[in-house]
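Participant: pasting the structure only:
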């Protein structure tokens, strides 16, 4: 059974939250396994645990600054 409901939330100055079952793949097409129903994907490019957000974006610019 598949979950037809996937929700994307763009956090201002932060990650992309993905809720629901998705097929996430790396740049070579290999599956990226997540055991969580909600994941935070890095948008700043500086996370040490890519593709997941580790909060590094909070250190990069003042809150409310231009988004990347």
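Facilitator: Structure received. These figures come from a predicted structure and were not determined experimentally. Residues are numbered from 1 along each chain as shown.
Participant: may I have the strands that pair with the helix or strand residue 17 falls within, each with its orientation?
Facilitator: Secondary structure assignment for residue 17, by DSSP states H and E: strand 16-19. Using DSSP bridges, the strands paired with strand 16-19 in its sheet are strand 7-10 (antiparallel), strand 38-41 (antiparallel).
Participant: now tell me what touches the last one from outside.
Facilitator: I take that to be strand 38-41. 11, 14, 15, 16, 17, 18, 19, 24, 51, 52, 53 (CB atoms under 8 Å, 6 or more residues apart in numbering). The C-beta positions use only the backbone N, C-alpha and C, and glycine is treated the same way.
Participant: also the first one?
Facilitator: Outside strand 7-10, the residues within contact range by CB under 8 Å, 6+ apart are 16, 17, 18, 19, 20.
Participant: before we move on, back to that, tell me the buried residues in the strand holding residue 17?
Facilitator: Neighbour counts over strand 16-19 (16 or more other CB atoms under 10 Å) mark residue 18 as buried.
Participant: now that strand: how far from the chain's centre is it?
Facilitator: 6 Å (CA atoms, centre = their mean, to the nearest Å).
Participant: I'd assumed residue 34 was in contact with residue 21.
Facilitator: No - assessed by CB atoms under 8 Å, residue 21 is found out of contact with residue 34, at 9.6 Å.
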